[in-house]
Each structure stands twice: as C-alpha cells, then as structure tokens.
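Chemist: Only the shape, not the letters, is given here:
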C-alpha cells in the first residue's frame, strides 16, 4: 500500500467518524424529546477508505398509526369525561345537593307534614318554600346547562381555529420534506416536525395518512374526508354566543363534510371536536330534556282535576307558557316533551304568601275548590298531591330514560342516568389514556433514543478515531523520514 493510499484511508476514516459522532451527539441531546426519531449513519466502503453517505431516520409506520388512533380516541373520551364532571357540579352540585331530585324529596316531606296538620298555615308556607326550592333547582339547572353548552360551543370554535393553524404549519413542514427529498438533502428534522404536527392534529380529529412520491403526505379523516392534500382543506364553524333548550348547535365542516358527535359513555367520538359536539348536543341536551320532563311531571302531579269534560288545570306549579286569563291554565300534554319547561316553571302566585297569595288554596283548591267550607282539617288534596308524586305517569322517551314512572323515581333516575354515564366515561378515559401512553412508549422504544446505547457507540467511535489518528501519525512519520532521506 502506498503512503498516499494510507493517508487517504486515514482521512476518510476521520471524516466518517466525525460525522457519525455528530449524529450520535445529536441523538443524546434530543433523547428527552418525544418527537425526535433516532438517526443513524449508513457507512459504505469506498476505494480507498470508507465514508458515511446517508443518514437514516428510525421509523415504525404501524406503531405510529396506532399511536395516532389512540391519541384521537383518548382526546374525544377526555373531552367527554372532563365536560361531564363540570356539568355535574354546575347542575346538581356537590353530592347532588342542589339537584331537582333532592328538592323534590324535601317537598314531599313538607307536604306530608302539612297533610298531618292542614290547619297550620306555617306548615303550608313550608310547602310553598319547598316548592320554590324545586323551581330554583330546575330554573338554575336550565341556565347552567345552556351556559355550559355555550362554553362547549366556544371550545369547539377554539379547537377549529387551532386545527386550521396546525394544518397551515403542516403545509410548511410537508413542503420542506418534499423539497429536501427532491434535492437529496437530509429531511430528518422536517419529518420529525411533520410527525409531531400530525400527532397534534389527531387530538382534534381522527386521521389517516398515505405518502406519495417525494415523501409528500396526504391526510384524511378516518371516514375518508380529505383534510390535507398539497394544501389544507377548510375547517369551518359558526359559533353561537347563547343557547336555549331544544336548540341544536351549528355544525363543524371539514371540506364541506359535517363532523358528527359520539355516542355513549364509552364514546365512539374520536378527537376533541367530536367529543365536544357530543357534550353540547348530546349529553347536555338530554339532561335538559330530563329537567323539562321533571318540570312537566310536577305540573301534572299538582294539577287540579274535576269531572269530565272539565280539563285538568295548573295548580301549585305553573309556567310562563301556560294559557293566560281569560283562558284557563291547562297543563302540558301527557308524555310530550316541552323544550325549556324547566326554565319556565314557577310557583303559582295565587298560593304564594310572599306575592299576596293564599296558602290555603293549596289545601282547598284554586280553580276547582274541593273544600268550599274551608274545613281546617281537610287534607284530601294534600294527600292526593303526595300520592301523585309517587304515581307512575307517561314521560317522553326522547329524554333517554324510563318513559313510565313517578316524578320522584324519574328525578332519581335522571341522576342515575347521568352518574352512570359519567362513571363509564371516566373509566373509559383512563383506559384510553393508558392505551395512548403504551403505544407512545412502544413507538419510543422502536424509534427513540437509548442514551446507554448511544454512549456505548460514542466510545466505539472514540476508539475508531484514535486508530485513524494513529494511522495518520504513522504516515506522517514515514513521510518525514522519506523527505529526510531525499534531502
């Protein structure tokens, strides 16, 4: 081997080692970055010597796709579970203390006490006060639900804005990947950035991807709607500042295709946007319908009845939508949902002493007088009202729970329905979070950096560098000796 060949071999070895050392050092520096994929240098033999000609980025498409799906599923479930926790406190309070069910229970107790002493007007006033507490629970619950829906609507609007921003950033990252691939430069950093953005996008909507020539990536949702192809597709939404019972929120559109919410406590909603839509138009709307049905049940239970063809008329409870004089205040139709009734229900002012009413009208009757002699011991109506609270009646199946039960049972079932769904949502959120974490760990194990491995590789490279330097030094000595001999 000539001295020039030995010199070339030593120089190429030093260059190769230097480049590998730079790559390993970068791996160590970014070991804690979850969006960084390990780089390796592919080294090939040349004549003479060896050189690093390509940087390879660690990938695992299958695990990456599984992680994207797990992130979408967890994001949708987390949005649902967290929203239901907030909704529970806003409507029912801590331990359901401010729920309609708790207030109805206290009303039933006050009514029983008044029935045992119908001459005691203080007992009657207690019934009116308990009825007012029921009304407050229903009125405040309605306001809390509609305020919550407006908040969820605002979160949807924010999520849509964030998604559009991410898609714009993805366009820049994808353009850098395509440009670098075509020019033959290293695009590892651009690929890391693109994958990191894809993870964030998957938190808002479920995604599926495929790669075309020059590493150009196309994103679709799992139902096939195009989200990105060369340029981002539009994601649009018109937020509403306020909500009313029975009002459906505006739709989110991706490339003019509507996004739908999920179903169930263990929701099939994938992505935060679908989870928020389920909260706004599913869970909260159903909860409102149940409050409306409780209000209708109370109006019916405390209605005044007479012989046919006389209609049943509103008694202790009435509502702002009831017929007004000279028409008689009839009650809502049986088994028919009246949107917003829980926000309209009120205590009949004719029986409320605080508004100049007479509490004895609850005992004796308001429109159909059952006790014309005003017998102080008359308790038939009071007993009838108490029995009516526990008497089965028809409820609308649109409210999502049993359609034939008593008002007392129905109000308790409403809490049971919500608590059951909330518990299911919380359990599913923990499960889906665990899946997202495990897939991320599995992906990291395949594509991430192991510092121990990199440090071991650095030590090997150090030995390689020392050997190359020793060759270079030896060649230098031989050249010096040759030159001295020539002189």
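Modeler: Done, it's in. Since this is a predicted model, take the numbers as computed values, not measurements.

Chemist: what residue lies at the spatial centre of the protein?
Modeler: residue 79 (1.5 Å; C-alpha atoms, centre = their mean).

Chemist: Grab the nearest non-local neighbour of that residue.
Modeler: Leaving aside its chain neighbours, residue 79 sits nearest to residue 275 (3.2 Å; criterion: C-beta to C-beta, 6 or more residues apart in numbering). Quick note: C-beta positions are derived from backbone N, CA and C, even for glycine.

Chemist: what does the helix or strand hosting the one you found contact?
Modeler: In this structure, residue 275 is located in helix 272-278 according to DSSP states H and E. Helix 272-278 is contacted from outside by 75-80, 83, 152, 155-156, 159-160, 163, 203-205, 249, 252, 259-263, 267, 269, using C-beta atoms under 8 Å, 6 or more residues apart in numbering.

Chemist: next helix or strand past it?
Modeler: helix 284-301.

Chemist: Off-centre distance for that following helix?
Modeler: 26 Å (C-alpha atoms, centre = their mean, to the nearest Å).

Chemist: Can you mark which positions in that helix are buried?
Modeler: Going by neighbour count (16 or more other C-beta atoms under 10 Å), the buried part of helix 284-301 is 284-301.

Chemist: State the next helix or strand along the chain beyond that helix.
Modeler: Past helix 284-301, the next helix or strand by DSSP H and E is strand 317-319.

Chemist: Against which helices or strands is the next helix or strand along the chain from that following strand packed?
Modeler: Counting by DSSP H and E, the element after strand 317-319 in chain order, helix or strand, is helix 341-344. Helix 341-344 sits against helix 121-183, helix 284-301, with contacts defined as 3 or more C-beta pairs under 8 Å, 6 or more residues apart in numbering; DSSP states H and E.

Chemist: could I get those helices as JSON lines with mean pLDDT and distance to residue 91?
Modeler: Below are those laid out as JSON lines (pLDDT from 0 to 100; distance: least, C-beta to C-beta, whole Å):
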{"stretch": "helix 121-183", "mean pLDDT": "96", "distance to residue 91": "5"}
{"stretch": "helix 284-301", "mean pLDDT": "96", "distance to residue 91": "7"}
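
Chemist: Out of those helices, which gets nearest to residue 193?
Modeler: Counting by C-beta to C-beta, residue 193 lies closest to helix 121-183 out of those; the figure is 4.6 Å.

Chemist: what is the orientation angle of that closest one with helix 284-301?
Modeler: 160 degrees (axes from the mean of the first three to the mean of the last three C-alpha atoms, to 10 degrees).

Chemist: Other residues contacting the helix or strand just after helix 121-183?
Modeler: Counting by DSSP H and E, the next helix or strand C-terminal to helix 121-183 is helix 188-202. Here helix 188-202 makes contact (C-beta under 8 Å, 6+ apart) with 35-37, 39, 55, 57, 64, 67-69, 71-72, 75, 163, 166-167, 169-170, 173-174, 176-177, 180, 207, 209, 215, 217, 219, 227, 271.

Chemist: Same question for stretch 203-211.
Modeler: Contact with stretch 203-211 is made by 65, 68-69, 71-73, 75, 159, 162-163, 166, 198, 201, 217-222, 227, 254, 259, 270-274, as judged by C-beta under 8 Å, 6+ apart.

Chemist: can you give me the helices for the stretch 1-150 of the chain?
Modeler: Assigned by DSSP state H, counting those that start in this stretch, the helices in the stretch 1-150 of the chain fall at 3-29, 61-92, 100-116, 121-183.

Chemist: Any chance of JSON lines for those helices, columns distance to residue 380?
Modeler: Putting these into JSON lines (distance: least, C-beta to C-beta, whole Å) gives the following:
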{"stretch": "helix 3-29", "distance to residue 380": "86"}
{"stretch": "helix 61-92", "distance to residue 380": "34"}
{"stretch": "helix 100-116", "distance to residue 380": "9"}
{"stretch": "helix 121-183", "distance to residue 380": "15"}
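
Chemist: which stretch among these comes nearest residue 376?
Modeler: Comparing the helices of the stretch 1-150 of the chain by C-beta to C-beta, helix 121-183 comes nearest, at 9.7 Å.

Chemist: Show me the shaky parts of the stretch 1-150 of the chain.
Modeler: The stretch 1-150 of the chain contains residues with pLDDT under 70 at 1-18, 44-53.

Chemist: and if we set it to 90?
Modeler: 1-59 (pLDDT under 90).

Chemist: so which of the helices and strands packed on helix 341-344 is the most packed in?
Modeler: Among those, helix 284-301 has the highest mean neighbour count (mean count of other C-beta atoms under 10 Å), at a mean of 26.

Chemist: Distance-wise, check the residue nearest to the centre of the chain relative to residue 282.
Modeler: 12 Å (C-beta to C-beta, to the nearest Å).

Chemist: Okay, domains of this protein per the record?
Modeler: According to automatic domain parsing, the chain comprises the domains 3-58+448-486, 65-436.

Chemist: which one of the ones you listed lies closest to residue 442?
Modeler: Set against residue 442 and scored by C-beta to C-beta, those come closest in domain 65-436, at 7.9 Å.

Chemist: Check the separation of the first and last residues in that closest one.
Modeler: From its first residue to its last, domain 65-436 covers 11 Å (C-alpha to C-alpha, to the nearest Å).

Chemist: same deal with stretch 327-342?
Modeler: Stretch 327-342 end-to-end distance (C-alpha to C-alpha) = 22 Å.

Chemist: ok, back up a step: give me the buried subset of the contacts of helix 272-278.
Modeler: 75-80, 83, 152, 155-156, 159-160, 163, 203-205, 249, 252, 259, 261-262, 267, 269.

Chemist: surely the residue nearest to the centre of the chain meets residue 283?
Modeler: No. Between residue 79 and residue 283 there is no contact, the gap being 11.0 Å when judged by C-beta atoms under 8 Å.
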